[in-house]
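A.B. asks: I would like to see how this sequence folds:
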Amino acid sequence: MSLEPDDLLAIGEVTQRTGVPASALHFYEQLGLIASTRTPGNQRRYRRHMLRRISLIVVAKRLGIPLSDVQEVFQSLPLDDPPSQRDWRRVAQLWRAQLEVRRTQLDHLQRELTGCIGCGCLSLKACRLLNPEDALGVDGPGPRRI
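C.D. replies: Predicted coordinates for the structure are as follows:
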């Protein structure tokens, strides 16, 4: 039996193959990240090539890449047809640039945390993570110096 990218898979098969719960698949579908068709009995069927898209979503989530970033990258991929090698190369290049930015941010964070935690000074006057009188609070929520 030959497996084709257009083969239709029941939602149970997709959840079993990807480890992604049906509720998450429905959510990804609402976001336009994946697509399904309906049988005459109104059951969802996913084309086999959706497995790759779902797998990339899973990997992106593991790496901390927001679904909005995945959405942005997936917009350049065809939803109804299996993406070509050229399509996937283009996506890989987009993500490579984003991952480089993340890697730089993580390296910087690691240096900052190692310096701060490792120094043990606990100085309220010298620590670079200090935010006296919440001066940085006007810039919005979250860390500002790291």
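
A.B. asks: shaky segments in this structure?
C.D. replies: For the chain, residues meeting the criterion pLDDT under 70 lie at 1-6, 115-137, 142-146.

A.B. asks: Name the single longest helix found in it.
C.D. replies: Ranked by number of residues, the top helix in the chain under DSSP state H is helix 85-119.

A.B. asks: Pull the distance from that one to the chain's centre.
C.D. replies: Distance of helix 85-119 from the chain centroid (C-alpha atoms, centre = their mean, to the nearest Å) equals 13 Å.

A.B. asks: what residues are up against Lys61?
C.D. replies: For Lys61, the contact set (C-beta atoms under 8 Å, 6 or more residues apart in numbering) comprises Leu67. To be clear about C-beta, it is placed using only N, CA and C from the backbone, and glycine gets the same treatment.

A.B. asks: Now with 10 Å, please.
C.D. replies: With contact set as C-beta atoms under 10 Å, 6 or more residues apart in numbering, Lys61 has these partners: 20, 24, 67, 70.

A.B. asks: now do Gln16
C.D. replies: When contacts are counted by C-beta under 10 Å, 6+ apart, Gln16 touches 9-10.

A.B. asks: That one: which element?
C.D. replies: Gln16 belongs to helix 11-18 when elements are defined using DSSP states H and E.

A.B. asks: list the buried ones in the helix or strand following that helix?
C.D. replies: Scanning the chain past helix 11-18 towards its C-terminal end, the next helix or strand to appear is helix 22-30 (assignment: DSSP H and E). Of the residues in helix 22-30, 24-25, 28 count as buried by neighbour count, 16 or more other C-beta atoms under 10 Å.
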